[in-house]
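[1] Here is my input; please provide its structure:
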Amino acid sequence: MNEKVVWAIIPARGGSKGVLRKNIKSFCGDSLLNRAINCLKESKCFDKIIVTSDDAEILQLAEINNTYAHKRESDIESEDSVMTDTPVLSYLKTVQENDRPEFCFMVQCTAPFMNPERYKDACSLLVKNPDSTVFAAELAHQFLWEESFKNSKSWEPINHSFYERLGRQFSKKIQVHETGAFYGFNTNNFIKSGYRFHKKAIPIITDKLESIDINDEIDWKYAEFIHNYILD
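    The predicted model follows:
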């Protein structure tokens, strides 16, 4: 894939709520942002790594790590209700069309145990399927239910039969859930659609460690425990 240009864009705002300043807070001696950047570099898949943020300290840390730091033009891009597609899309629109990469990855820095090999897998698959979105996913074995109000309030199964209970080893279909760690796509398709999924989706299966995503203090403490007592 040497002839293909691939960029990685990390959206990292300063106003995280679940864990204050989590993107640059010390996690087992390093920050989540540093870990994400180092993992991307180690994969040797990306021609450019960009950090887009509203926060001066985050942007400074990006520059220290020899990555491109993009200051967001609008505070709206960093609001709680705004999906990360928005700041990534906003950055790409600042790049001249002829200078844009063929492929782009949107990478969250909240998956501290991501393996660089997974980025290699994802980039390789994306190049072979250029109109697809590749995304980090974990095999899902949960029995899911949802509220129903057809007649009266009740609960109905989503991914399994009401009358049949099969163990995961006998599941008739493979099911996955997004971990949110990364999404890779054709840049032009992303800009035209305005969203990370536009045509075809292909999951990149991550293991349990890679699938750990830090959203709140419980996640943070769990990830620290894994790092300090399982991996060491």
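[2] domain parsing for the chain?
    6-137+177-231, 141-174 (automatic domain parsing).
[3] confidence score at Lys172?
    We have a pLDDT of 74 for Lys172.
[4] Okay, the closest residue to it other than its chain neighbours and Trp155: tell me how far apart.
    Nearest non-adjacent residue to Lys172, counting by Cβ to Cβ, 6 or more residues apart in numbering: Leu166, 7.4 Å away. C-beta coordinates here come from the backbone N, C-alpha and C atoms, glycine included. Distance of Leu166 to Trp155, computed by Cβ to Cβ, to the nearest Å: 19 Å.
[5] just Val127 next, same as before
    Here the distance between Val127 and Trp155 works out to 43 Å (Cβ to Cβ).
[6] In the protein, spot the strand with the most residues.
    Counting residues, the longest strand found in the chain (DSSP state E) is strand 176-186.
[7] Just checking: what are the partner strands of that one?
    Pairing partners of strand 176-186, with direction, according to DSSP bridges: strand 103-107 (antiparallel), strand 132-139 (antiparallel).
[8] could you pull out the helices for this structure?
    Assigned by DSSP state H, the chain shows helices spanning 32-43, 56-64, 85-93, 116-128, 187-193, 217-225.
[9] what residues does stretch 149-158 touch?
    Stretch 149-158 is contacted from outside by 143-148, 162, using Cβ atoms under 8 Å, 6 or more residues apart in numbering.
[10] Tell me the span between the first and last residue of that stretch.
    Terminal residues of stretch 149-158 are spaced 14 Å apart (Cα to Cα, to the nearest Å).
[11] my read: Asp55 touches Arg13, true?
    Yes: counting by Cβ atoms under 8 Å, Asp55 touches Arg13, with 6.6 Å between them.
[12] what's the neighbour count on the nearest residue to Ser132 once chain neighbours are set aside?
    Residue nearest to Ser132 in three dimensions, not counting chain neighbours: Lys200, with 4.3 Å by Cβ to Cβ, 6+ apart. Neighbours of Lys200 under the rule other Cβ atoms under 10 Å: 10.
[13] Give me the distance between Lys200 and Ser90.
    Per Cβ to Cβ, Lys200 is found 25 Å from Ser90.
[14] Gln175 now?
    Relative to Ser90, and taking Cβ to Cβ, Gln175 is found at 33 Å.
[15] rewinding a little: buried deepest among the domains of the chain, which one?
    Mean neighbour count (mean count of other Cβ atoms under 10 Å) peaks for domain 6-137+177-231 among the domains of the chain, with a mean of 18.
[16] which stretches of the chain aren't confidently modelled?
    The chain contains residues with pLDDT under 70 at 1-3.
[17] So which residue of it lies furthest out from the middle?
    Largest separation from the mean C-alpha position in the chain: Asn151, at 39.0 Å (Cα atoms, centre = their mean).
[18] Can you add distance to Ser43 and give the strands paired with strand 176-186 back as TSV?
    Output for the strands paired with strand 176-186, formatted as TSV (distance: least, Cβ to Cβ, whole Å):
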stretch	distance to Ser43
strand 103-107	10
strand 132-139	13
